[in-house]
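Participant: here is a sequence together with a model predicted from it:
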Amino acid sequence: MNRTSEARSARTEHLQSAGEVFRAPIWLGVASVVGLVSALLGDGVWDGVSWLAIFAPIGAVWWAWRRRGG
Amino acid sequence: MSTQAWSWIHKWSSLICTVFMLLLCLTGLPLIFHEEIEHLSGVVEAPPMPAGTPNASMDQIAQTALERRPGEVIRYMFWDQDEHPDITYVSMASAVDAPPEENNAVVIDSRTAKVLDEPATDEGFMYVMLKLHTDMFAGLPGMLFLGAMGLLMVVAIVSGVVLYYPFMRRLKFGALRTQRSTRVKWLDWHNLLGIVTVVWLLVVGITGSINTLNRVVLSLWQMDQMAEMTAPFRGLPPVTQPAHLEDSIRTARAAVPDMAVSLVAFPGTMFSSPHHYTFFMKGNTPVTSRLLKPALVDATNGELTDTREMPWYVKTLFLSQPLHFGDYGGLPLKILWAVLDLFAIVVLGSGLYLWLRKPKAATAAKPLAEDAAEAANALRQSDRQEAAQ
């Protein structure tokens, strides 16, 4: 793979709107809120939901690292 | 506001708080696991006894503590029903109005009323971490200062989110360009780790700042609800020889039957009145175990004076504690807390790096805005190159 095509993979085809730029961050933010609140509401399954939801931002970083380049 | 104005806000709010935030993130890391670390480093356990062995009278336990440290007074007793169900922790001091930091601990077996340990509370690695994290050994001013730094970090986060937009308009979410300059690489890491930790770091930052106000909140409660509840006792001489502890704890349990006693503050301490034991009752869900409910019992006769829900500002403080500590969802939540804390350290470190190694062509005043402009230019150029191809 040459440098140009890798660079293309990090970039978008067009200038993004605020909605596009913030779409993923907003979902990760919602997941964080769900995770932070859920473990407060109860134990057991509430804790499980919390772990999964708070893992979302960490998972996103792992995903980004796997496809790094450009 | 212009991107340049936001850059200025982001730069200065970050620069001022970064060193302190790095300190807080680093010292906070072991504190997340303080229960596990204390277990490993061998805190005292109650010896095994047949299940259902009855507890000694609270009066006897108090007597044991007073005999162990003659001339001192008991200020607080507390219990950890989940981790150490058979232990009564006693916090003593040279006088009831000694500085709040004075804490001479006596650990007593609740069943035999025998002393198990007198651990030092003002030494060791975890103590140093805790002090650096809460007040940097500078008392209340240090604590309030760190609270202000926390609010400055909130400003840095908000301005960082605003700046994320111009930086990312031509980049996919999660872009990590590793084959460009070191600066671009760290810029991408800063943007990615910064944007995914926004909510968590805001919550931990804001609740941490609220926690620094605990003494202020306590004084408010003393002047407000506590003064109301103890109005009939105003002008009476303070109780210097509190008695009837066992009767009092039974009174408190009867008054709030669905909750367990987690702490008792003795008369004259910050958490009580000069005439009362204040029993702090906790429920058994993650929320109700934090929203302590006080029950005031007359320390001269063991009779109930009043029990009330805490006002909203104390509840806010109580709920800020778990949300700051991350200790309300078991070990997995603590591990996630630690990973996010490490992310925050990288955000702070990379931010500092990006400021120190600003582009050579940029003037010192506005490297961030020029970064954005430079990024846009570079993208336009490569667009043209691709079009030509």
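Facilitator: All right, it came through fine. Numbering: from 1, shown residues only, chains lettered A, B, ... in the order given.
Participant: CA only for contacts and neighbour counts going forward, please
Facilitator: OK.
Participant: let me see the ranges of the helices in the stretch 1-150 of chain B.
Facilitator: Residue ranges of the helices in the stretch 1-150 of chain B, as given by DSSP state H, counting those that start in this stretch, are B:3-32, B:34-40, B:58-68, B:125-134, B:139-168.
Participant: out of those, which is closest to A:Ala31?
Facilitator: For A:Ala31, the closest of the helices of the stretch 1-150 of chain B is helix B:139-168, at 17.3 Å, according to CA to CA.
Participant: and the residue positioned nearest the centre of chain A, what is it in contact with?
Facilitator: By CA atoms, centre = their mean, chain A has its centre lying nearest to A:Ala60, at 3.7 Å. Counting by CA atoms under 8 Å, 6 or more residues apart in numbering or on different chains, A:Ala60 touches B:174, B:196.
Participant: check which helix or strand covers it.
Facilitator: Assigned by DSSP states H and E, A:Ala60 belongs to helix A:45-66.
Participant: buried stuff in that helix?
Facilitator: Within helix A:45-66, the residues that qualify as buried are A:46-58, A:60-61, A:64-65, counting by 16 or more other CA atoms under 10 Å in any protein chain shown.
Participant: for the helices of the stretch 1-150 of chain B, which has the smallest mean pLDDT value?
Facilitator: Here the helices of the stretch 1-150 of chain B differ in mean pLDDT, and the lowest is helix B:34-40 at a mean of 89.
Participant: returning to what we had before: A:Ala24 versus the residue nearest to the centre of chain A, what's the distance?
Facilitator: As judged by CA to CA, to the nearest Å, A:Ala60 and A:Ala24 stand 9 Å apart.
Participant: show me where pLDDT drops low in chain A?
Facilitator: Low-confidence segments of chain A, defined by pLDDT under 70, span residues A:1-8, A:70.
Participant: so which bits of it are right by chain B?
Facilitator: Contact residues (CA under 8 Å from any CA of the partner chain) of chain A with chain B: A:7, A:10-18, A:21-22, A:24-25, A:28-29, A:32-33, A:36, A:39-43, A:47, A:50-51, A:54-55, A:57-58, A:60-61, A:64-65, A:68-70.
Participant: make it 6 Å
Facilitator: Neighbours of chain B within chain A, by CA under 6 Å from any CA of the partner chain: A:10-12, A:15-16, A:29, A:39-40, A:42, A:47, A:51, A:57, A:64, A:68-70.
Participant: go through these and name the one nearest B:Asp306.
Facilitator: A:Leu40 (28.3 Å).
Participant: what's the neighbour count on the closest one?
Facilitator: A:Leu40 has 21 neighbours, counted by other CA atoms under 10 Å in any protein chain shown.
Participant: what's around B:Arg308, how many residues?
Facilitator: B:Arg308 has 13 neighbours, counted by other CA under 10 Å.
Participant: distance check, it against chain A.
Facilitator: For B:Arg308, the distance to chain A equals 22 Å [CA to the nearest CA, to the nearest Å].
Participant: pLDDT score assigned to that residue?
Facilitator: 95.
Participant: what's the spacing between the residue nearest to the centre of chain A and A:Ser38?
Facilitator: A:Ala60 sits 20 Å away from A:Ser38, taking CA to CA as the criterion.
Participant: ok, residues contacting the longest helix along chain A?
Facilitator: In chain A, taking DSSP state H as the definition, the longest helix is helix A:18-41. Contacting residues not belonging to helix A:18-41 are listed as A:46-47, A:50, A:53-54, A:57, B:199, B:286-287, B:329 [CA atoms under 6 Å, 6 or more residues apart in numbering or on different chains].
Participant: now do the strands in the stretch 251-389 of chain B.
Facilitator: Secondary structure of the stretch 251-389 of chain B by DSSP state E, counting those that start in this stretch: the strands cover B:260-265, B:276-282, B:293-298, B:304-307.
Participant: dump these to JSON lines, plus mean neighbour count.
Facilitator: Formatted as JSON lines, those follow (neighbours: other CA atoms under 10 Å in any protein chain shown):
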{"stretch": "strand B:260-265", "mean neighbour count": "22"}
{"stretch": "strand B:276-282", "mean neighbour count": "27"}
{"stretch": "strand B:293-298", "mean neighbour count": "26"}
{"stretch": "strand B:304-307", "mean neighbour count": "19"}
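Participant: need the ones you listed in CSV (columns: distance to B:Tyr165).
Facilitator: Shown next, in CSV, are the strands of the stretch 251-389 of chain B (distance: least, CA to CA, whole Å):
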stretch, distance to B:Tyr165
strand B:260-265, 48
strand B:276-282, 45
strand B:293-298, 46
strand B:304-307, 52
